[in-house]
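Participant: Structural data only, the sequence is not supplied:
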C-alpha cells in the first residue's frame, strides 16, 4: 500500500500541485504564527510547548485519523487518508519548474535571468524585494553552486526525506504520521531557526529560545532521514567519494545532518572537495566568489561547465527517485508475500 500511496501522490503532485498560497498551507502557517505569538515567551519550556503544538500534535492527529479509518471503515479509507496526506506533504513539481527555469537560462547564457530564477527559488529574493535591493550578479560557477545546493535541499526536505520518514513510521503501524512530522519539523526549522531569530525585519521573528528548539527538533527528526538520503545519493553515484565525504562531515559537523546530505550528494556527482565545500557553505545572500577577470571565451566555458553540472545533478536526482520507488515496490511485494 505504501508504494501505491507514494506513486499516486507523486502523480497528483505532477498534474495538480498544491500552490504555496493554497488555503490549506495558509491555515497551517496562520495557526503556527498565532501559537508563536501567544506562547513564545523566550524560555525553553515555552519554546518546546510551541514546537510540540506545531510539529508533534498535527502528526499525532493524522495518525489518530488514520487509525480510526483503518479500524472502523477499512483499509481502503486508510489508504485514501495516506494518499491525501502524502499529496499535501510532497512537493516534487515545484523542483522541476524552478530547476528547469534556471537550467534553461544557464544553457542560453542568460546568467541574469538564471540568477533571478534562483533567487525566487531560494527565498532570498523575497527579502531583497521587500528591501528593494537588486539581485547581485553571479557567475556561472556561483549559479551552479547555488542551484545544486537549493536543488538538493529541496529534494531532501520535500521529497526524499518525506519518503524516508513516512516509510519508517508506516512500517511500525503509524501510517502517514512520519510525513507530517518531517514536514512540520522542517517548517519550524526554516521559519524559526534557518532564517535566524535576529532578523527583525522578518514578520514571524521567533525568540532565541524558540529558534534553538526548532533547530534541535529538526536535528532529531532529520537524523535518520538525512542519512538515508545520503546513502541513496551514494548508491546512484560515486559511492567511495560519497562515503568519504560522509565520514569527513560527520566528524567536522556532527550535528549538521543537512551538510552531510549535501556533501554526500555533491561528492557522488564526482565534484572536487573545493566544490563540495562551496555548496555546503553557500547562502543566498553570501558574497560573490572572488574570481579574476575573465574573457568572453572563459565565461562561455564556465557557463558550459555549469550547464554540465546541472545536467549531472538532474540525472542523479531522477536515479534516486527511481531507486526510491523500486525500494517501495520491493518492500510492498515482500510484505504481500509474507
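Facilitator: Looks like it came in fine. Every value quoted in this text rests on a predicted model; they were computed, and no experiment measured them.
Participant: can we go C-alpha only for contacts and neighbour counts from here?
Facilitator: Will do.
Participant: how deep is residue 271 tucked in, by neighbour count?
Facilitator: Around residue 271 there are 15 other residues, counting by other Cα atoms under 10 Å.
Participant: And what about it, helix, strand or coil?
Facilitator: Following DSSP: H, G, I helix; E, B strand; the rest coil, residue 271 is assigned to coil.
Participant: now the stretch 201-338 of the chain, which segments are flagged as low pLDDT?
Facilitator: Low-confidence segments of the stretch 201-338 of the chain (pLDDT under 70): 201-204, 284-303, 335-336, 338.
Participant: same for the helix or strand where residue 59 lies, what does it pack against?
Facilitator: Here residue 59 sits within helix 57-72, counting by DSSP states H and E. Using 3 or more Cα pairs under 8 Å, 6 or more residues apart in numbering; DSSP states H and E, the elements in contact with helix 57-72 are helix 75-89, helix 177-189.
Participant: Please identify the deepest-packed of those.
Facilitator: helix 177-189 (a mean of 25; mean count of other Cα atoms under 10 Å).
Participant: Kindly calculate the angle that it makes with helix 75-89.
Facilitator: Per axes from the mean of the first three to the mean of the last three Cα atoms, to 10 degrees, the angle that helix 177-189 makes with helix 75-89 is 20 degrees.
Participant: so how far is helix 177-189 off the chain centroid?
Facilitator: Taking Cα atoms, centre = their mean, to the nearest Å, one finds the center of helix 177-189 at 11 Å from the center of the full chain.
Participant: What is the neighbour count of residue 232?
Facilitator: 24.
Participant: residues in contact with it?
Facilitator: 320, 323 (Cα atoms under 8 Å, 6 or more residues apart in numbering).
Participant: Residue 42: what secondary structure?
Facilitator: Three-state call for residue 42 (three-state DSSP): coil.
Participant: Contacts only, for it.
Facilitator: Per Cα under 8 Å, 6+ apart, neighbours of residue 42: 207, 208, 209, 210.
Participant: Same check on residue 221?
Facilitator: Residue 221 makes contact with 181, 182, 185, according to Cα under 8 Å, 6+ apart.
Participant: closest to residue 265 among those?
Facilitator: Comparing those against residue 265 with Cα to Cα picks out residue 182 as the nearest, at 20.2 Å.
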